[in-house]
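Chemist: Next input, structure requested:
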Amino acid sequence: MSTHKSFRFLAVSIYDFDGYSDNWLQYISWVVVIKMKSKVKFALLVGVLLVMVFGAVFAVMQNYVADVPNTGMGGGDKKLPTIPPDAAIDPLALSDLYYSVYVVQKGDIVGSIAERFGVSQDAIISINKLKNTRTLQINQILKIPSLDGIVYTVKGGDTAGSISDTYKISLEKFALVNSIKDDGLAEGSIVFLPDAKLDWATLQEINGDLFMTPLRSGYRFTSGYGWRRDPFTGGRSFHNGVDLATYRGAPVHPALAGTVRACGYSSIYGNYVIIVHHSGYQTMYGHLSAISTKPGSYVTTATRIGSVGSTGRSTGPHLHFTVYKQGATINPLTVWLP
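Modeler: Prediction:
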């Protein structure tokens, strides 16, 4: 091309995309219209334009690199928090543990007392060692804690950490309430577990709601738990369960889910079923006309295990129902509200 020819224009455009965006963040355009008359001027102009192009590209690349996140590294000085992390977290608000005294009034129940003092039923039950909330007496004196939680007697091998993990409570809060300086605890010592709850089975037992009725049809009590006049001899004898009279053939269900331990026949209880439950409980169902389960079977409260009858030592169709706790009989009405 002759130097006398005119170079009408030279255009350079640079586009910079930010990440994956479709928007143009920068657009640089030069349009140069030049009329050249010598090769020297032409070479000089090309050199100037190249410097401009490379300068623009370098600036764009610098901006791109600055936008790339520095992953895997700690924050730079410019991104440090304006306040220390500890100052941004509310401090542990914990009042001292103390006890108030409350005298039970007519109509009081554990739930209403707990609500009045802003603690859980578990706290009142645990601290006052209540065995049955239904036996609360007027003028009975109760200790009420200022904090919600339960008391616990330390066992061999327990540590502050293991106890807090078991009851799912804050180790820090546990240590503060009990003034614990290290993880070791003296066996037999009594500690307060803030925010802890009684296990479900214990709470249900104390509230008398652990077991369901084994008969879903209508029935009536014909004999209670404890000493009574023997219906055959007329003498005093101990009755280790309750008798529920109903029609022959009525379905019998487990009072609580468990595993059938034994089925059989006894001269006293006739056809019977024994079921093992959690927390050391066992139940027996006697005088059945038929057995509908077998040893080793897992049963729920919906499973039919037999039918009401009058087998064994019986005066008529009824269900004999016994509850055992750690091998000894207990009054079924303390764990079951008919």
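Chemist: for the stretch 1-150 of the chain, which spans come out with low pLDDT?
Modeler: Where the stretch 1-150 of the chain drops to pLDDT under 70, the residues are 1-49, 51-95.
Chemist: can you do 90?
Modeler: 1-96, 109, 111, 131-136 (pLDDT under 90).
Chemist: Over to the stretch 201-338 of the chain?
Modeler: For the stretch 201-338 of the chain, the ranges with pLDDT under 90 are 201-210, 217, 278-280, 326, 333-338.
Chemist: Show me where the stretch 151-300 of the chain has its strands.
Modeler: Counting by DSSP state E, counting those that start in this stretch, the stretch 151-300 of the chain has strands at residues 190-194, 220-223, 226-229, 236-239, 242-245, 251-252, 258-266, 270-276, 281-291, 298-299.
Chemist: For the ones you listed, give me CSV that also has distance to S146 and mean neighbour count.
Modeler: Bear in mind the C-beta positions are built from the backbone N, C-alpha and C, glycine included. What follows is those, written out as CSV (distance: least, Cβ to Cβ, whole Å; neighbours: other Cβ atoms under 10 Å):
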stretch, distance to S146, mean neighbour count
strand 190-194, 10, 18
strand 220-223, 43, 13
strand 226-229, 40, 11
strand 236-239, 45, 12
strand 242-245, 41, 22
strand 251-252, 48, 22
strand 258-266, 40, 15
strand 270-276, 41, 21
strand 281-291, 35, 22
strand 298-299, 44, 15
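Chemist: For the ones you listed, please prepare CSV with the additional fields distance to T322.
Modeler: Listed next are those as CSV, based on distance: least, Cβ to Cβ, whole Å:
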stretch, distance to T322
strand 190-194, 34
strand 220-223, 12
strand 226-229, 12
strand 236-239, 9
strand 242-245, 8
strand 251-252, 13
strand 258-266, 12
strand 270-276, 9
strand 281-291, 4
strand 298-299, 17
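Chemist: do you know which of these lies nearest G327?
Modeler: Closest approach to G327 among those (Cβ to Cβ): strand 281-291, 8.1 Å.
Chemist: tell me the angle of the closest one relative to strand 270-276?
Modeler: Angle between the axes of strand 281-291 and strand 270-276 is 140 degrees (criterion: axes from the mean of the first three to the mean of the last three Cα atoms, to 10 degrees).
Chemist: Partner strands of strand 281-291 and their direction?
Modeler: The strands that strand 281-291 pairs with in its sheet are strand 270-276 (antiparallel), strand 306-308 (antiparallel), strand 318-325 (antiparallel) (by DSSP bridges).
Chemist: Of those strands, which is nearest A114?
Modeler: Nearest to A114, of all the strands paired with strand 281-291, is strand 318-325, at 25.5 Å by Cβ to Cβ.
Chemist: tell me which residues in the helix or strand just after the closest one are buried?
Modeler: On the C-terminal side of strand 318-325, the closest following helix or strand by DSSP states H and E is strand 328-330. Residues 329-330 are the ones in strand 328-330 that count as buried (16 or more other Cβ atoms under 10 Å).
Chemist: Which residues outside strand 328-330 are in contact with it?
Modeler: 225, 240-241, 322-324 (Cβ atoms under 8 Å, 6 or more residues apart in numbering).
Chemist: again, only this time at 6 Å
Modeler: 240, 322-323 (Cβ atoms under 6 Å, 6 or more residues apart in numbering).
Chemist: Next, give phi and psi for R116.
Modeler: Phi and psi for R116, reported as degrees, to the nearest 10, are phi -60, psi -40.
Chemist: same question but for T334, I mixed them up
Modeler: Per-residue torsions, T334: phi -80, psi -20 (degrees, to the nearest 10).
Chemist: do the same with E115
Modeler: According to degrees, to the nearest 10, E115 has phi -60, psi -40.
Chemist: And for the one 5 residues further on?
Modeler: Dihedral angles phi and psi of S120 (degrees, to the nearest 10) take the values phi -90, psi 160.
Chemist: Next up, the contacts around it.
Modeler: Per Cβ under 6 Å, 6+ apart, neighbours of S120: 114, 148.
Chemist: Go again with 7 Å.
Modeler: Contacts here follow Cβ atoms under 7 Å, 6 or more residues apart in numbering; on that basis S120 touches 114, 148, 197.
Chemist: go on, G286?
Modeler: Taking Cβ under 7 Å, 6+ apart, we find G286 in contact with 269-270, 272, 312, 320.
Chemist: repeat for Y324
Modeler: By Cβ under 7 Å, 6+ apart, the residues touching Y324 are 281-282.
Chemist: How about N132?
Modeler: 206, 208, 334.
Chemist: Quick check: the second one touching P338?
Modeler: No: taking Cβ atoms under 7 Å as the definition, G208 is not a contact partner of P338, at 10.1 Å.
Chemist: What separation do you get for the residue most central in space within the chain and L193?
Modeler: The centroid of the chain falls nearest to K168 when counting by Cα atoms, centre = their mean (8.8 Å). In this view, K168 and L193 are 10 Å apart by Cβ to Cβ, to the nearest Å.
Chemist: Could you single out the nearest of the contacts of S120 to R229?
Modeler: Proximity of the contacts of S120 to R229 (Cβ to Cβ) peaks at A114, which lies at 41.6 Å.
Chemist: name the helices or strands packed onto whichever strand or helix holds that closest one?
Modeler: For A114, the host element (DSSP H and E) is helix 110-117. If contacts are counted by 3 or more Cβ pairs under 7 Å, 6 or more residues apart in numbering; DSSP states H and E, helix 110-117 sits against helix 121-127.
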